[in-house]
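A.B. asks: Mind folding the following:
(one chain, ligands or ions: 2)
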Amino acid sequence: MNSEIRKEIYQVAMNWVKEAGENIRNKMDSPYDVDTKSNPNDLVTTLDKETESFFVQKIKETYPNHSIIGEEGYGDRLTSMNGTIWIIDPIDGTMNFVHQKRNFAISIGIYHDGIGEIGIIYDVMANNFYHAIRNEGAFKNDKQLPLLNQDVDIREGIIGMNHFWLCDNRFVQKETMQQFVRKVRGTRTYGSAALEFAFLAEGIIDGYLSMRLSPWDIAAGIVIVNEVDGVTTDIDGNPLNMLKKNSILTCNSCLHKEIIDSIKKGRK
Ligand code: 2AM
Ligand code: CA
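C.D. replies: Ligands and ions are numbered 1, 2, ... in the order given. Below is the predicted model:
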């Protein structure tokens with residue numbers, strides 16, 4: 001993608017995210033509907049739908065040749081990553097949004113022919129923008145994020161994960177996950193995959209793993225984490241397929257092999 005065009009798209013996307021964030025903050029204290037999706041804990045609200053629909057309308061008007069993958073289904077059904085694709089999660093951490101009114105984010109990754117070019121994660125209540133353009137560094141607001149310290153001992157590492165995976169034998173044996181939790185210094189659950197990627201890029205956690213995430217949960221985060229020399233693969237170390245769900249490991253690259261090895265023995 002031409003760097004001038006990329007810069008312009010980035011600027012336009014940042015402005016739309018600001019506008020969408022403001023709209024969410026203005027409306028979140030008024031009544032809205034909450035529905036469930038794949039299971040009783042998988043929530044969606046009127047504001048998730050309204051926000052995705054806002055982005056889809058803007059993109060279709062401004063960039064009619066671009067495609068969209070969105071969590072709430074207003075986008076396109078794609079079978080390839082060819083062309084320019086906006087991968088959108090209008091509210092990542094919907095459970096936090098509904099129950100806690102904080103720790104949720106708007107996440108937009110823009111890919112061109114399969115390569116992540118732009119990543120924007122907006123922590124709406126903290127008013128923090130995490131953003132990156134490929135090969136131009138990652139930023140938190142106006143401040144460039146330093147490259148990750150590549151000398152972290154896993155016993156001194158903090159790993160983001162959902163406690164759910166400690167109680168579920170489908171992907172990794174519970175005992176293996178429990179040993180892993182005891183091995184690391186600490187674990188954290190923020191409840192928004194996008195924010196966990198952003199916090200990894202910021203260097204305040206050292207890794208994040210999840211057994212099943214969708215492209216919109218991770219698209220922006222991958223671009224941002226790449227820019228601080230972090231690495232993102234599936235939990236077996238394989239490249240991700242951005243058109244389907246994947247297990248996810250994003251981490252400081254010095255911990256990548258060790259985390260995979262720790263989990264491999266209990267992998268189903
Ligand atoms: P969401 O809030 O946009 O649904 C929670 O641990 C993280 O996992 C959130 O980023 C959440 O995204 C994501 N997630 C993906 N699939 C989920 C599901 N079926 N149920 C709950 N959270 C899910
Ligand atoms: Ca999500």
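
A.B. asks: is it fair to say residue 241 lies in a strand?
C.D. replies: No. Counting by DSSP: H, G, I helix; E, B strand; the rest coil, residue 241 is not part of a strand but coil.

A.B. asks: is ligand 1 contacted by stretch 209-229?
C.D. replies: Yes. Counting by C-beta under 6 Å from any ligand atom, ligand 1 has neighbours in stretch 209-229: 213, 214, 217. The C-beta positions use only the backbone N, C-alpha and C, and glycine is treated the same way.

A.B. asks: Which ones among the residues you listed map onto strands?
C.D. replies: Applying DSSP state E to the residues of stretch 209-229 next to ligand 1, the entries found in strands are residue 213.

A.B. asks: Enumerate every residue touching residue 169.
C.D. replies: Taking C-beta atoms under 8 Å, 6 or more residues apart in numbering, we find residue 169 in contact with residue 268.

A.B. asks: Can you name the residues that contact residue 20?
C.D. replies: Shown in contact with residue 20 (C-beta under 8 Å, 6+ apart): 51, 54, 55, 90, 106.

A.B. asks: Now do the helices in the chain.
C.D. replies: For the chain, applying DSSP state H gives helices covering 3-27, 46-62, 94-99, 174-183, 193-202, 215-226, 256-264.

A.B. asks: Quick check: buried residues in the first one?
C.D. replies: Of the residues in helix 3-27, 6, 9, 10, 13, 14, 16, 17, 20, 21, 24 count as buried by neighbour count, 16 or more other C-beta atoms under 10 Å.

A.B. asks: before we move on, the earlier item: looking at the helices of the chain, which is nearest to ligand 2?
C.D. replies: Closest approach to ligand 2 among the helices of the chain (C-beta to the ion): helix 215-226, 4.2 Å.

A.B. asks: what pLDDT does the residue of the stretch 51-200 of the chain found nearest ligand 1 get?
C.D. replies: For the stretch 51-200 of the chain, the residue closest to ligand 1 is residue 193, as judged by C-beta to the nearest ligand atom, at 3.4 Å. Note for residue 193: predicted pLDDT of 98.

A.B. asks: For it, which non-adjacent residue is spatially closest?
C.D. replies: Nearest non-adjacent residue to residue 193, counting by C-beta to C-beta, 6 or more residues apart in numbering: residue 217, 4.0 Å away.

A.B. asks: Could you tell me how many residues sit around residue 112?
C.D. replies: 20 (other C-beta atoms under 10 Å).

A.B. asks: what bridges to it?
C.D. replies: Assessed by DSSP bridges, residue 112 has beta-bridge partners residue 84, residue 115.

A.B. asks: So which bits of the stretch 101-250 of the chain are right by ligand 1?
C.D. replies: 162, 191, 192, 193, 213, 214, 217.

A.B. asks: remind me which residues of the stretch 1-150 of the chain are low pLDDT?
C.D. replies: Counting by pLDDT under 70, the stretch 1-150 of the chain has no low-confidence residues at all.

A.B. asks: which residues sit in contact with the most centrally placed residue in the chain?
C.D. replies: Nearest to the geometric centre of the chain sits residue 194, at 2.8 Å (C-alpha atoms, centre = their mean). Residue 194 is in contact with 89, 92, 93, 105, 107, 121, 217, 218, 220, 221, counting by C-beta under 8 Å, 6+ apart.

A.B. asks: at 6 Å what do you get?
C.D. replies: Residue 194 makes contacts with 92, 105, 107, 121, 221, as judged by C-beta atoms under 6 Å, 6 or more residues apart in numbering.

A.B. asks: cool, and residue 258?
C.D. replies: residue 154.

A.B. asks: Repeat that for residue 267.
C.D. replies: Neighbouring residues of residue 267 by C-beta under 6 Å, 6+ apart: residue 172.

A.B. asks: Lovely, talk soon.
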